[in-house]
Structure formats: C-alpha cells, structure tokens
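Novice: Mind folding the following:
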Amino acid sequence: MQLKHVTLTLALGLLSAGGCVRVSQERAERDLEVGKHSAHGISIDVAHGLAAVRHVAPGEITLWSSAPAWTVTLTTAATAPTSWRVSLQNVLPDAELVGGVPVSQVAAQPITRKQFQVELPAGSTTTLTLSPPDHHDPAPWRFAVMSDVQEAIDDVQDIYQKLNHTPNVRFLLGAGDLTQQGGSEQLERFQRELESLDVPYYTTLGNHELGDDGPAYQDWFGRASFSFVYRGVRFSMLDSASATLDPMVYDWLDDWLAKGKGGVHVVGMHIPPVDPVGVRNGSFASRNEAAKLLTRLAAGRVDLTLYGHIHSYYSFENAGIPAYVSGGGGAIPERFDQVGRHFLVVDVDPKRGIDRVEMVQVD
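Specialist: Now for the predicted structure:
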C-alpha cells in the first residue's frame, strides 16, 4: 500500500509540474488523422478534420460532421467506381453539397442526415463543399448548449423534444460526457438517440469518453479539439478531458485565437480551467496552467467560454470573459440547487457579440 501511495504521488507530481508526461498526447495526435482515409480506390481528406470518416466501401462513403460547413477532397484511382453514394450524418437540414461534378440529393432520414449521388471521374481529384445557405449571413442568430448526459441517456428524449420546440436554434453545442464509459456500444446508443433531434450536435469529449482502453470517440464523432466558423462566429472546442490541454492543442489554439480576434469567438471545453464553486476535481490539475490558458483567451479577446463537467448551472467570469458551466444533460445532478436538467440558448449578433445566454430548465 505504501509503495502504491508513493507511485501515485510521484505521478501526480509530474502531471502538476507540467513534466514530460502528456496524458492527452495520444488524443491530440489522433485528431490529426480524423477526416483522412484511403480504401477501395478513393482517398478522402476533410479539411481541418471537420468530419470523421465512418464507412468506405466500393461506391459508398459515410461521414459524420463536426461543423456546419467544410470541404472534402476526394481522389480516385483509375480503377475506382465513378458513381458514389455519399452519406452525411449530423448535418444541418438545409445543408447542400456542391462541387465541380454532378451531385444529386437522395431522400434520407432522419432530418440531420443527407445522402447524395456524386459522379467522380476515375483517376481524378475533386473538392466538394458542404454548406447551408445562411453560412455567411451576418444577421443575429442562436445556438444551444448541453453537456453531461452520461447514465441519463434513457431520459434524454424529453430534453431533445424541448430543444426541438425552441425557436430558431441552428445547432446544439456540447462540452462532453455524452456517455458513461465511452465504449462503442454506448457511443452507438448516444448516436441512436440523436435521431429525434432536429439539429446537429457539435461536441467535444469529456473524461467519461476516455474509456479503459483508449477513447473510441474520435472514430465515431471526430476530433476532440477543432475550430470552425459559422455566420460570423468562430467556435473553438478544446479537449480538456484530462484536466489539462496538450501542447499541440495550445499551438492550434494560438492559431484559432489569431484568426478569431477580429470577430466573435466562442470557446468550449469539458473541464473548466478554474472551478467557480469548489467542486471536487472540478478544474484543471494545475492552477498555473489554468492561469496560462485564461491569459491566452483574454489576450485573444474571446467573447464567451462554455464548460461542462460540473452537473449544474453557473454563470461567472474568468479573466474578464463571460463564462458558463452547463452540465444539465441529466448526469447525477447537484442536490438542492433547484436547477436539474437544462440546456442553454445563446443569442449572438456577429456585429456586436453575445446578446444573451438563457438557461432553459427541462425538469
């Protein structure tokens, strides 16, 4: 017992001191592989990894989308089929796929799934773009936020139904802990429940997606850290599931902050850098790293930070940036706080910034 205690203490010391141990390095490296695949005479490359390759067979491709708009480059061999069924999951209902080749839409269900028949000349390279008609619309709009479903997956449908009846929400943003343990069966169950949601769910992972044998999350739902722009707003989702950010993620973040500095920028992650209420294990493992990250976000003029992990609702500020914890997907709620299951609705004006953040109770 004493030896185990010493070993654990040394390991925690290395982590808190920012030593050579990089607990999220493997996930960061796997992020670089998301959206790339070669098989059956076709090579697929989704720009910035904004869609995961879920299935490839002769004449068939299935992608899971992590953003409202992205481009994919398809390179076919001379012996490849020329007609391809491209299935896109987790997309906006009005999204369109276009490119310099014939593309025709095929009926598909549920509403967040699209199927297209695409003609790809053999031995060629083609770039296709997925985008909704309002992608560059500068008018005010709204999105929703929900995290921490975990063992409450059996009861998530009433949250989705209430969200479906909330006017003008374009998509749902998530800060992780979708499942209890992150195995393939649970990830598949989570995906199946999403079929009743009328908008796509763009989310990072949480500590409950890490699993015992390494996360399967990225194979199912794509990158853990990613960034996209929609209607004048940049969204940067960061993998903080291990109570830290990998150095590779900091490099990506610096680029995203530089690109988003002139407009509205929303940053989301699972575990917040600083715990606003004193919950056990509710913040980064290192306060020095938390200060480093918040300094970066403040210097980058981030407009809004969103977190999960703590199973309640809190509104506060970190480094002068408006911040919200929303862990209302149903996972073991904090007792006596009278919040319960909930989601957030965020109204944003690309010209002015964040107009309003409203907490919508479901229970």
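Novice: Of all the helices and strands in the chain, which has the lowest average confidence?
Specialist: Least confident helix or strand of the chain, by mean pLDDT, DSSP states H and E, is helix 2-16 with a mean of 38.
Novice: The spatially closest residue to L187 that is not a sequence neighbour: what secondary structure?
Specialist: Of all residues not flanking L187 in the chain, W220 sits nearest, at 4.6 Å (C-beta to C-beta, 6 or more residues apart in numbering). (Each C-beta comes from the backbone N, C-alpha and C, glycine too.) Per DSSP: H, G, I helix; E, B strand; the rest coil, the secondary structure class of W220 is helix.
Novice: Please look at W220 and V53 and confirm they touch.
Specialist: No: in this structure, W220 is not within contact of V53 by C-beta atoms under 8 Å, at 11.1 Å.
Novice: Those two - which one has more neighbours?
Specialist: Between W220 and V53, counted using other C-beta atoms under 10 Å, the more crowded position is V53 (22 against 19).
Novice: what are the ranges of the helices in the stretch 151-300 of the chain?
Specialist: Secondary structure of the stretch 151-300 of the chain (DSSP state H, counting those that start in this stretch): helices at 157-164, 184-193, 217-221, 247-260, 287-299.
Novice: Tell me which of these sits nearest to D148.
Specialist: With C-beta to C-beta as the criterion, D148 lies closest to helix 157-164 of the helices of the stretch 151-300 of the chain, at 11.3 Å.
Novice: Let me know the average pLDDT across the closest one.
Specialist: Helix 157-164 carries an average pLDDT of 96.
Novice: now it against helix 184-193, angle please.
Specialist: Between helix 157-164 and helix 184-193, the angle comes out at 40 degrees (axes from the mean of the first three to the mean of the last three C-alpha atoms, to 10 degrees).
Novice: What residues sit buried inside helix 157-164?
Specialist: Buried residues in helix 157-164, defined by neighbour count with 16 or more other C-beta atoms under 10 Å: 159-160, 163.
Novice: how near is A285 to L294?
Specialist: As judged by C-beta to C-beta, to the nearest Å, A285 and L294 stand 15 Å apart.
Novice: Next: H311.
Specialist: Here the criterion is C-beta to C-beta. By it, H311 lies 23 Å from L294.
Novice: Likewise for Y202?
Specialist: Separation of Y202 from L294 (C-beta to C-beta): 23 Å.
Novice: can you check F226 too?
Specialist: The value you get for F226 to L294, if C-beta to C-beta is used, is 21 Å.
Novice: A285 and L294 - which one has more neighbours?
Specialist: Taking neighbours as other C-beta under 10 Å, A285 and L294 compare with L294 leading, 21 against 16.
Novice: got a list of what that one touches?
Specialist: L294 is in contact with 273-274, 318-319, 321, counting by C-beta atoms under 8 Å, 6 or more residues apart in numbering.
Novice: Starting from the host helix or strand of L74, tell me the next helix or strand along the chain.
Specialist: Here L74, judged by DSSP states H and E, is contained in strand 70-76. Of the helices and strands lying after strand 70-76 in sequence (DSSP H and E), the nearest is strand 83-89.
Novice: quick one: T127 and G99 touch, right?
Specialist: Yes: using C-beta under 8 Å, T127 is in contact with G99, at 6.1 Å.
Novice: what pLDDT does R142 get?
Specialist: At R142, pLDDT is 98.
Novice: Am I right that it is in a strand?
Specialist: Yes: applying three-state DSSP, one finds R142 inside a strand.
Novice: about what we covered before: find the one among the helices of the stretch 151-300 of the chain with the highest mean neighbour count.
Specialist: helix 217-221 (a mean of 22; mean count of other C-beta atoms under 10 Å).
Novice: Now do it: everything it contacts.
Specialist: 27, 30-31, 34, 52, 54, 64, 66, 90, 182, 184, 187-188, 191, 203, 205, 209, 211, 224.
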